[in-house]
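**Q** Using only what follows, build the 3D model:
(chains A and B)
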Number of protein chains: 2
Amino acid sequence: MKIAILLYENMTALDAIGPYEVLSRLPEARVLFTGETKGLVRTDTRFLGLSADHALGDVPEADLLLIPGGPGDQAVRKNEAILDWVRGIHEGSQFTTSVCTGSLILGAAGVLKGLRATTHWTQLETLREYGAEPTRERTVEQGKVITAAGVSAGIDMGLQLIKKIVGNDFAQAIQLGIEYDPKPPFDTGAPDKAPPAIVELVRASMSY
Amino acid sequence: MKIAILLYENMTALDAIGPYEVLSRLPEARVLFTGETKGLVRTDTRFLGLSADHALGDVPEADLLLIPGGPGDQAVRKNEAILDWVRGIHEGSQFTTSVCTGSLILGAAGVLKGLRATTHWTQLETLREYGAEPTRERTVEQGKVITAAGVSAGIDMGLQLIKKIVGNDFAQAIQLGIEYDPKPPFDTGAPDKAPPAIVELVRASMSY
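**A** I've put the predicted structure just below:
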């Protein structure tokens, strides 16, 4: 299975690396980290460089497309070269997926018209601009298009994809392999669970 | 806070990127991805290149040291230049931490003598070689030395560190910011929860 993961400036690393870590363990997986051009991409904190080993033109098709989110999504949503590439890959893909505000890029490419979709909880309403219906679920599946909520939701989506592609046993083995038995220190990972002051703090820091 | 994260060939990406994603959001965090030499490091799947922006000699001290795991730990455990660096940073650190088999590297550097520690569940017994007492917990805190279990446990450890360093409010905000409200598809993320056949499958694939 050929898996193309888009890398771009100011993306959020975990959006891509969470699902990569599970999907890359699929039998015969080939993961192609793809940027507008080949070379290093700096993530949103500027502290981390990820290597885009492939340029858009090197990857004309893929079985699974994954678009991560992050503040850099704004520039990508106006980048016709990248949006054209997304449309092209989507045409022949088995799965077209996103994490966090990566769904806004899918939206800008026209992929989400008439579909239910999710994104980071602070950006849900923006999905309407692209004809999608915002949905507060951790992952939303609409045929071959699967969108995941903020950042860490990509790990759950990755495991679900493995379950769909090769079945329960393999997905359980991968989950055990990465010891994914989460014990967050708080139960504040969703806006309806966190104290209102914390929700407002995060909303303010994420409005852009 | 100066955070040094070791990068090395054949490491597991999520071990580093999970805690990076939360720790980098600390106020005044500075994250230094550090390799034996500057340049690209390929992860264990060979599909991903991470940039070591700094060489060992460029980072003589740090407030927080984080050592990720992965099959490449075996070579690092014999690499005296890296082990010397780990010892040097540990001497002046506020926190010395590891994820997955990163604890075996801490062990090889002599940091775990007489301490309880954890690692990936398949490698627990190896900790004894370094005078540590293997402990099946998701994170194990022994003074300033904190070790986390396999791969995804680093996210939980990162949030715990933020809680210790700047308190509950900020840690809750970060957890909400990365929407860390995990919904794994199965409850098989630990060896005592997974079917025995799955446990054996993973153990066999991870014995090296």
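**Q** Can you tell me which residue is spatially central in chain A?
**A** The residue lying closest to the centre of chain A (Cα atoms, centre = their mean) is A:Val99, at 2.3 Å.
**Q** any idea how far the closest residue to it other than its chain neighbours lies from B:Gly114?
**A** Sequence neighbours aside, A:Gly154 is the residue nearest to A:Val99 in space, at 3.6 Å (criterion: Cβ to Cβ, 6 or more residues apart in numbering or on different chains). C-beta here means a position set from N, CA and C on the backbone, and glycine is covered the same way. Distance of A:Gly154 to B:Gly114, computed by Cβ to Cβ, to the nearest Å: 39 Å.
**Q** Pass me the low-pLDDT residue ranges in chain A, would you?
**A** Counting by pLDDT under 70, chain A contains low-confidence residues at A:207-208.
**Q** Tell me where it has strands.
**A** A:2-6, A:30-35, A:39-42, A:49-52, A:54-55, A:64-67, A:95-99, A:116-117, A:133-134, A:139-142, A:145-148 (DSSP state E).
**Q** What is the fourth one packed up against?
**A** The reference is to strand A:49-52. Packing partners of strand A:49-52 (3 or more Cβ pairs under 8 Å, 6 or more residues apart in numbering or on different chains; DSSP states H and E): strand A:30-35, strand A:39-42, strand B:49-52.
**Q** now those as CSV including mean neighbour count and distance to B:Leu6?
**A** Formatted as CSV, the helices and strands packed on strand A:49-52 follow (neighbours: other Cβ atoms under 10 Å in any protein chain shown; distance: least, Cβ to Cβ, whole Å):
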stretch, mean neighbour count, distance to B:Leu6
strand A:30-35, 20, 21
strand A:39-42, 17, 19
strand B:49-52, 21, 9
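**Q** circling back to that earlier point, so the residue nearest to A:Val99 makes contact with A:Ile146?
**A** No: A:Gly154 lies out of contact with A:Ile146 (Cβ atoms under 8 Å); the separation is 10.4 Å.
**Q** How about the contacts made by the nearest residue to A:Gly107 once chain neighbours are set aside?
**A** Leaving aside its chain neighbours, A:Gly107 sits nearest to A:Tyr130 (2.9 Å; criterion: Cβ to Cβ, 6+ apart). The contact partners of A:Tyr130, by Cβ atoms under 8 Å, 6 or more residues apart in numbering or on different chains, come to A:Leu104, A:Leu106, A:Gly107, A:Ala108, A:Gly110, A:Leu112, A:Lys113.
**Q** which residues touch the third one?
**A** Think A:Gly107. Contacts of A:Gly107 by Cβ under 8 Å, 6+ apart are A:Arg77, A:Ala117, A:Thr126, A:Leu127, A:Glu129, A:Tyr130, A:Gly131, A:Ala132.
**Q** From these, list just the buried residues.
**A** Taking 16 or more other Cβ atoms under 10 Å in any protein chain shown as the criterion, what is buried in the contacts of A:Gly107 is A:Arg77, A:Ala117, A:Thr126, A:Leu127, A:Tyr130, A:Ala132.
**Q** And the furthest pair within the residues you listed?
**A** A:Arg77 and A:Ala117 (14.4 Å; Cβ to Cβ).
**Q** Just the helices from chain A, written as ranges.
**A** A:13-23, A:73-76, A:80-92, A:102-108, A:153-166, A:168-177, A:196-206 (DSSP state H).
**Q** A:Trp85 and B:Ile3, how far apart?
**A** With Cβ to Cβ as the criterion, A:Trp85 and B:Ile3 are 35 Å apart.
**Q** show me what contacts A:Ala4?
**A** Counting by Cβ under 8 Å, 6+ apart, A:Ala4 has contacts A:Leu32, A:Thr34, A:Val59, A:Ala62, A:Leu64, A:Leu65, A:Leu66, A:Ile89.
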